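> turn this into a structure:
(chains A and B)
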Amino acid sequence: MSEPLRYEGKSEYQPQSGEKDSKGQILYPYIASEDLIEAVNLAIDLGCPLLLEGEPGCGKTRLARAVAYEFAQKYLKPQGIEKEWPYFPWPVRSDTIARDGLYTYDAIGRLRDAQMIGINTAELKQYLNSEEKPQEFDRLINRLKDIKKYRHWGALGEALQPENQHRPIVLIDEIDKADVDFPNDLLQVLDDLSFDVPETGEEIQRPSHTPIVFVTSNREKPLPDAFLRRCIYFYVDFPNDERLFDIAEKRFPKWSTEYDDVVDEAINRTLEIRELIEAKPSGKPPGTSEFLNFLGTLLNKPVGEAMQDLKQLAQRTPLLGILLKSKADQDFFAENDILEDDE
Amino acid sequence: MSKPRFWQLFTLMREAGLALTLDQYDLLHQANAKGHNLDDLNTLKRISRLLWVKPSENYSATIFERTFEQYIQLQPQPEPPPREVPSSPSPRDNTLTPKLEEKPQPQPPRGTPNVDEIETPNPVKTIIGVKNNTPNRPDYRLIPTQFPVTPDDLEHAWKALRRPIREGRRVELDLDKTLRRIEQESIFSDLVLRPVRKRRGELLVLIDDNNAMLPFMPMLRPLLDSIEQERITFVRLYRFTHYPDDYLFSWQNPTQAEPIADLLPKLHRNRTLALIISDAGAATRTYNAERVRGISQFLDCLRPNISRWLWLNPLPSSRWEQTNAAIIANLPGGQMIELERSRLQTALKL
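Residues are numbered from 1 along each chain as shown, chains lettered A, B, ... in the order given. Sure thing, here's the model as predicted:
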């Protein structure tokens, strides 16, 4: 039986500023709303995938990483284990098929190895063994003897291995990018949590530590009802001004007090722009990540200049470009900017 | 209590139109067993929303919210509520629908304060009546800003349409087939090539502008806007009246005619989808042999030059019987569907 896990989103489990993961990626704190935390815990309890939708840049993708980080801090560190929580991201592309997430089988590699053996052994040794790789020939022989060496696990396949000591976290990122049949192909694996590898004859059984699956979608394609029925669904909203301030505070912990007005004004301006662009058909309102880039740029400027920029935002196109990514949206903002009208 | 817990909530939701299954009902019990306190109505609402609401018409958030309100009202009284549970879930519907239906005698337009409520939906009254025929969607209401197909749906549909197909010369290596051939012949003899996948699609949109189509023109606005804003590209847009004869007329300049014979060679046999938007006589409930013959002849010319045709009829299929529509719907090389979101998506994916 799996251990009872609980995600709390508390600040004591958040990464310190500048902290990096094992791959050198900078880790940022993640501020989750109460509702989102409840959804995560429900997904953990019921073992259902959590489907996250929301505008681009509102933190759908980063949630899974944040949960994995908190679990490492909460459940591994106290036991003296300085390891990361098992976390397997699977970025979906337009040509991804469901099997890629489980395993890939390198048939060409095996064919090449087999063909090479047919060549004169002495010549082959000379060809393969270089100074950097003196054992390459033996490695080739070993590879050929074991067919499993040509099979590589995908993110989901890795998460279903019986050796996992904890419930691994899987992120299926941007599921709507793939072909329309992709979600349906995944259904059975997500239901049974087991699969076969016909090439090697392996059978992966349902593991005792079942994975926690996060799925994100930008709604580019509608997902089939059969897939939706099995998921817990949560729409990640754009944060309100209070949470936006929290997020800014966690992300830029060391701004000096004279910048307080800049931050307040940047939040006001962002919310203003969002309200305006949301009313425009086919407009793309800025998300949280755009806001953070915008604020980051402002905090690098002297206070006076930053305030001036915020006031005349419509004319500061490079700065406005951080928030609004299309000419049509920028023009629409310039025409309707309240501050501009005052002057 | 003879009924199991939450059963009432579950059945209410199902009756209101959520396509819930017993698995989803069971999930709610599992959540309760795992320590989520579902005695609290607010928690129950949040958890059941997480489990039952999805981005799909069959799991609509609006229906959920409305039905949950109804459930809450049923809760505090242990006895059966004094008021009959209305079969139609929305209180607003209850006031609106009967009013529209029980209005055979003309009321003075500005006599009672109630009239204000009725005023807005009036222009689309016929459509409300028609949609009410659909038995599984008792809550359906159409207000002029809510059209059955939105610009976003069109964009999805357009994406589905441009599904990649392999065509043209065989220049790409087909690895799987090459390997299979090596296995079969046990020697590497030759590569197997295949055409490259290309994402292409072209639309030929033909809109009927006969008088019976006039009430539906605002509904086509999203489509026309999407074409104008170039969210849908590679489109030819024409109009015709009743049926295309030898000419089609430009949508923007109705006086400009293009001979059909000139248009046909410009279409692509694999890529072009002809989208025809017309009531096909269903709106006026007429059968006109000449119109059927005209359409049938036109489609015969069109068929060899396009991949298929799709006829979008703004009227529900129950109204097609004994009109031209019923016959046209059975013509080969395409299909006629109701102009409605899910049907459009399904039809385009074929």
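
> rounded mean pLDDT for stretch A:134-151, please.
Mean pLDDT, stretch A:134-151: 86.

> that stretch and chain B in contact?
No. Judged by CB under 8 Å from any CB of the partner chain, stretch A:134-151 makes no contact with chain B; its nearest approach is 12.7 Å. For every residue, glycine as well, the C-beta is placed using N, CA and C.

> give the buried residues for that stretch.
Neighbour counts over stretch A:134-151 (16 or more other CB atoms under 10 Å in any protein chain shown) mark A:F137, A:L140, A:R143, A:K149, A:Y150, A:R151 as buried.

> tell me how far it lies from the chain's centre.
Distance of stretch A:134-151 from the chain centroid (CA atoms, centre = their mean, to the nearest Å) equals 34 Å.

> equivalent analysis for stretch A:11-22, please.
Distance, stretch centre to chain centre, for stretch A:11-22: 16 Å (CA atoms, centre = their mean).

> rounded mean pLDDT for it, please.
83.

> quick check: buried residues in it?
A:Y13, A:Q14, A:P15.

> want to try TSV for those residues, with distance to chain B and secondary structure as columns?
Shown next, in TSV, are the buried residues of stretch A:11-22 (distance: CB to the nearest CB, whole Å; DSSP: H, G, I helix; E, B strand; the rest coil):
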residue	distance to chain B	secondary structure
A:Y13	21	helix
A:Q14	24	coil
A:P15	27	coil
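
> coming back round to it: among the buried residues of stretch A:134-151, name the ones in helices.
A:F137, A:L140, A:R143 (DSSP state H).

> buried residues of the strand ranked longest in chain B, list them for me.
For chain B, the longest strand by residue count, based on DSSP state E, is strand B:165-173. The neighbour-count check on strand B:165-173 (16+ other CB under 10 Å) flags nothing as buried.

> right, and the helix or strand after it?
Scanning forward in sequence from strand B:165-173 by DSSP states H and E, the next helix or strand is helix B:175-185.

> list the helices and strands that next one packs on?
helix A:107-117 (3 or more CB pairs under 8 Å, 6 or more residues apart in numbering or on different chains; DSSP states H and E).

> average pLDDT for stretch A:61-69, rounded please.
Averaged over stretch A:61-69, pLDDT sits at 92.

> for that stretch, C-alpha coordinates in PDB please.
C-alpha atoms of stretch A:61-69 as PDB (Å, rounded to 0.1, in the frame of the first residue of the first chain):
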ATOM      1  CA  THR A  61       3.200  22.800 -16.300                       C
ATOM      2  CA  ARG A  62       5.200  23.900 -13.200                       C
ATOM      3  CA  LEU A  63       2.700  22.500 -10.700                       C
ATOM      4  CA  ALA A  64       3.900  18.900 -11.100                       C
ATOM      5  CA  ARG A  65       7.500  19.900 -10.500                       C
ATOM      6  CA  ALA A  66       6.400  21.900  -7.400                       C
ATOM      7  CA  VAL A  67       4.600  19.000  -6.000                       C
ATOM      8  CA  ALA A  68       7.600  16.700  -6.500                       C
ATOM      9  CA  TYR A  69       9.800  19.300  -4.800                       C
END
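
> tell me how far it lies from the chain's centre.
7 Å.

> which other residues reach it?
The contact list for stretch A:61-69 (CB atoms under 8 Å, 6 or more residues apart in numbering or on different chains) reads A:7, A:9, A:13-15, A:27-30, A:32, A:36, A:40, A:52, A:84-87, A:89, A:169-171, A:173-174, A:212, A:214, A:216, A:236.

> state the three-state secondary structure for the residue lying farthest from the centre of chain B.
Largest separation from the mean C-alpha position in chain B: B:I187, at 53.2 Å (CA atoms, centre = their mean). Following DSSP: H, G, I helix; E, B strand; the rest coil, we place B:I187 in the coil state.

> for it, grab phi and psi.
For B:I187, the backbone dihedrals (degrees, to the nearest 10) come out as phi -150, psi 150.

> which neighbouring elements make contact with the helix or strand B:D23 falls within?
Remark: B:D23 resides in helix B:22-33, with elements defined by DSSP H and E. For helix B:22-33, the elements it packs on are helix A:34-46, helix B:7-16, helix B:41-52, judged by 3+ CB pairs under 8 Å, 6+ apart.

> one more time with 10 Å, if that's ok
helix A:34-46, helix A:225-229, helix B:7-16, helix B:41-52 (3 or more CB pairs under 10 Å, 6 or more residues apart in numbering or on different chains; DSSP states H and E).

> ranges for the helices of chain B?
B:7-16, B:22-33, B:41-52, B:61-74, B:91-101, B:115-119, B:125-131, B:151-161, B:175-185, B:221-228, B:260-263, B:289-302, B:324-328, B:341-349.

> possible to save these as a markdown table with mean neighbour count, distance to B:F249 and mean pLDDT?
As requested, those are exported to a markdown table (neighbours: other CB atoms under 10 Å in any protein chain shown; distance: least, CB to CB, whole Å; pLDDT from 0 to 100):
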| stretch | mean neighbour count | distance to B:F249 | mean pLDDT |
| --- | --- | --- | --- |
| helix B:7-16 | 18 | 46 | 92 |
| helix B:22-33 | 16 | 52 | 91 |
| helix B:41-52 | 20 | 49 | 92 |
| helix B:61-74 | 17 | 41 | 90 |
| helix B:91-101 | 14 | 37 | 41 |
| helix B:115-119 | 13 | 36 | 43 |
| helix B:125-131 | 15 | 27 | 41 |
| helix B:151-161 | 18 | 23 | 70 |
| helix B:175-185 | 13 | 49 | 81 |
| helix B:221-228 | 17 | 15 | 76 |
| helix B:260-263 | 14 | 11 | 89 |
| helix B:289-302 | 16 | 14 | 91 |
| helix B:324-328 | 22 | 20 | 89 |
| helix B:341-349 | 17 | 25 | 74 |
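
> out of those helices, nearest to A:P224?
Closest of those to A:P224 is helix B:341-349, at 10.7 Å (criterion: CB to CB).

> kindly export the closest one (C-alpha atoms) in PDB.
What follows is helix B:341-349, C-alpha atoms only, in PDB (Å, rounded to 0.1, in the frame of the first residue of the first chain):
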ATOM      1  CA  ARG B 341     -20.800  22.300 -32.600                       C
ATOM      2  CA  SER B 342     -20.300  18.600 -31.800                       C
ATOM      3  CA  ARG B 343     -21.800  17.500 -35.100                       C
ATOM      4  CA  LEU B 344     -19.500  19.800 -37.000                       C
ATOM      5  CA  GLN B 345     -16.500  18.400 -35.200                       C
ATOM      6  CA  THR B 346     -17.400  14.800 -35.700                       C
ATOM      7  CA  ALA B 347     -18.200  15.400 -39.400                       C
ATOM      8  CA  LEU B 348     -14.900  17.200 -40.000                       C
ATOM      9  CA  LYS B 349     -12.800  14.400 -38.400                       C
END
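
> having no further points to raise, I will conclude here.
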